[in-house]
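[1] Got a sequence here, can you model it:
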Amino acid sequence: MFTGPANRSSHRAFTLLEIMLAVAILSLMAVSIYRFVQSNILALRISNEATAADSRFDALRELLSEEMQSLPAGSGALTGEPLTINDQSRDELKWVSGSGIGVLTRYAPADCTVALRLQPENNKSDRLDLGLLRKPKDDLDFTELHESWVPLVENVRGLQIRFFDARLNVWVTRWTDTVTLPRLIKVTIERNDAGVPWEAIIPLGRTPL
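    Numbering: from 1, shown residues only. Got it, this is the predicted structure:
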């Protein structure tokens, strides 16, 4: 009786080359997915930081508008001086803020002199922060005992302030008139986190509805 050869298994194992190709393909897919997720996370973080920065500048505009529109005419209620350090504008704006429950003079017993200015983050840092320096109006002491610093925007490069003189119909760099207030104030802030400066024009008179 003739007996044929035993049936051999028809299944074939993967070769080493096929396994290496599969691993390489999976690695490329993993790297592509990782880069895609990483780029999206980075874009989301940058977008959130930009949104937060824009929110701080919007709040600054509202704060300045509220303060400037509540200034009384005369009595040196507002002054401004142009300052330049290392070829960079570091102007300063000073005004008198009445006592009350506002953010500038919360719990203050009397009027305060408030200065919008740039100030180093600390004695060992070159970073400049924009903020408000407050001091009681009648305090003639040259020490910093009664001063308080309120930071508003971190890490800015320059601050430029211009005043619109309606009598001359021009923007001026300095305001020393103790009787008349300027019609408009233009605040320009050089940002380190953006290529375009932030600018706001603050009216000193409320626009009627």
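
[2] What are the buried residues along the longest strand seen in the chain?
    Counting residues, the longest strand found in the chain (DSSP state E) is strand 148-165. Across strand 148-165, burial judged by 16 or more other CB atoms under 10 Å covers 152-153, 156-165. From N, CA and C alone the C-beta is placed, and that goes for glycine too.

[3] helices or strands next to that strand in the packing?
    The helices and strands touching strand 148-165, judged by 3 or more CB pairs under 8 Å, 6 or more residues apart in numbering; DSSP states H and E, are helix 16-68, strand 88-89, strand 92-97, strand 112-120, strand 128-136, strand 170-172, strand 184-191.

[4] now for those, which one comes closest to H146?
    Taking CB to CB, strand 128-136 is the member of those nearest to H146, at 5.7 Å.

[5] now, which of the buried residues of strand 148-165 sits nearest Q88?
    Among the buried residues of strand 148-165, G158 lies closest to Q88 (CB to CB), at 4.6 Å.

[6] For the closest one, give me its contacts.
    When contacts are counted by CB atoms under 8 Å, 6 or more residues apart in numbering, G158 touches 88-90, 118, 189-190.

[7] can you list those residues in a markdown table and add neighbour count and pLDDT?
    Output for the contacts of G158, formatted as a markdown table (neighbours: other CB atoms under 10 Å; pLDDT from 0 to 100):
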| residue | neighbour count | pLDDT |
| --- | --- | --- |
| Q88 | 14 | 85 |
| S89 | 18 | 90 |
| R90 | 19 | 92 |
| L118 | 22 | 92 |
| I189 | 21 | 94 |
| E190 | 18 | 92 |
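
[8] Closest one of these to E199?
    I189 (7.6 Å).

[9] Just grab the bridge partners of that closest one for me.
    In this entry, I189 is beta-bridged to L159, W198, by DSSP bridges.

[10] about what we covered before: export the contacts of G158 to JSON lines and tack on distance to A30?
    JSON lines is the format used below for the contacts of G158 (distance: CB to CB, whole Å):
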{"residue": "Q88", "distance to A30": "47"}
{"residue": "S89", "distance to A30": "50"}
{"residue": "R90", "distance to A30": "51"}
{"residue": "L118", "distance to A30": "47"}
{"residue": "I189", "distance to A30": "44"}
{"residue": "E190", "distance to A30": "43"}
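
[11] where in this protein is pLDDT low?
    Low-confidence segments of the chain (pLDDT under 70): 1-14, 46-52, 73-76, 99-109, 140-145, 206-209.

[12] would you list the helices and strands packed on strand 148-165 in JSON lines and tack on distance to H146?
    Shown next, in JSON lines, are the helices and strands packed on strand 148-165 (distance: least, CB to CB, whole Å):
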{"stretch": "helix 16-68", "distance to H146": "20"}
{"stretch": "strand 88-89", "distance to H146": "28"}
{"stretch": "strand 92-97", "distance to H146": "15"}
{"stretch": "strand 112-120", "distance to H146": "10"}
{"stretch": "strand 128-136", "distance to H146": "6"}
{"stretch": "strand 170-172", "distance to H146": "32"}
{"stretch": "strand 184-191", "distance to H146": "26"}
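
[13] Reduced to three states, what does the closest residue to I185 other than its chain neighbours come out as?
    Distances taken as CB to CB, 6 or more residues apart in numbering place I202 nearest to I185, at 4.6 Å, with adjacent residues excluded. What DSSP: H, G, I helix; E, B strand; the rest coil gives for I202 is strand.
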